[in-house]
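> I'll drop the sequence and a predicted model, then ask my questions.
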Amino acid sequence: MIEGIGLDGGNYVAAKKMMDLIDLNHRANTTNIAHLGTPKFQRVQVKEGEKTDFARYLENNELSKLQSMEFSLEHDPNAKAVRPDGNTVDLEKEVMTMTTNALDHDLVSRYLTDSLLRVKTAITGKNI
């Protein structure tokens with residue numbers, strides 16, 4: 001019965017993995033901001049290859065690969081020093097990234113909430 005509601009379907013699997021990606025992206029972002037004043041600190045980000053793989057698996061509906069994905073951080077290979085001490089964290093870029101990440105989080109969390117409400121409605125028979 002749950003498969004008809006969507007909790008084991010591709011969208012739900014993708015949304016859960018997207019939340020993992022959003023979480024790690026947020027942790028990278030807060031780490032960068034926390035080290036804004038640290039000399040020679042190199043900006044970190046979610047590995048670009050993993051983001052690309054995620055998008056490809058999602059587009060090709062490769063659920064088993066999506067489910068087994070683990071995300072990790074790397075130093076940003078394209079970051080340039082923005083201060084004379086070699087720090088590569090650009091506060092303006094980090095704030096923009098944080099805003100985009102917050103919007104992504106809001107969208108995915110709304111989808112997950114709606115999915116769970118459908119399950120609750122199916123179980124209780126009461127539309128909320």
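Yep, it's here. What you see is a predicted model; the values in this text were computed from it and never measured.
> now do the contacts for the residue nearest to the spatial centre of the chain.
Central residue of the chain (Cα atoms, centre = their mean): I22, 1.9 Å from the mean position. Residues near I22 by Cβ atoms under 8 Å, 6 or more residues apart in numbering: 101, 104-105, 108. In this view, the C-beta of every residue, glycine as well, is placed from N, C-alpha and C.
> out of the residues you listed, which one sits closest to L66?
L66 lies nearest to V108 out of the contacts of I22, by Cβ to Cβ, at 13.9 Å.
> measure that closest one to N11 for me?
V108 is 10 Å from N11, where distance means Cβ to Cβ, to the nearest Å.
> and these two? which has more neighbours close in?
V108 (18 against 13; other Cβ atoms under 10 Å).
> out of the helices and strands in the protein, which is least certain?
Using mean pLDDT, DSSP states H and E, the weakest-scoring helix or strand in the chain turns out to be helix 2-5, at a mean of 52.
> mean confidence score for the next helix or strand after it?
Beyond helix 2-5 in the direction of the C-terminus, DSSP states H and E gives the next helix or strand as helix 10-34. The average pLDDT for helix 10-34 rounds to 93.
> now find how far off-centre helix 10-34 is within its chain.
Put simply, helix 10-34 sits 3 Å off its chain's centre (Cα atoms, centre = their mean, to the nearest Å).
> elements contacting whichever helix or strand comes after it?
Using DSSP H and E, the helix or strand that follows helix 10-34 towards the C-terminus is strand 44-46. Helices and strands touching strand 44-46, by 3 or more Cβ pairs under 8 Å, 6 or more residues apart in numbering; DSSP states H and E, are helix 10-34, strand 73-75.
> residues making contact with the shortest one?
Surrounding strand 73-75, the residues in contact under the criterion Cβ under 8 Å, 6+ apart are 24, 27-28, 42-48.
> now the angle between helix 10-34 and the longest helix belonging to the chain, please.
In the chain, with assignment by DSSP state H, the single longest helix is helix 91-124. Using axes from the mean of the first three to the mean of the last three Cα atoms, to 10 degrees, the direction of helix 91-124 lies 150 degrees away from that of helix 10-34.
> so how far is helix 91-124 off the chain centroid?
Distance, centroid of helix 91-124 to centroid of chain: 10 Å (Cα atoms, centre = their mean).
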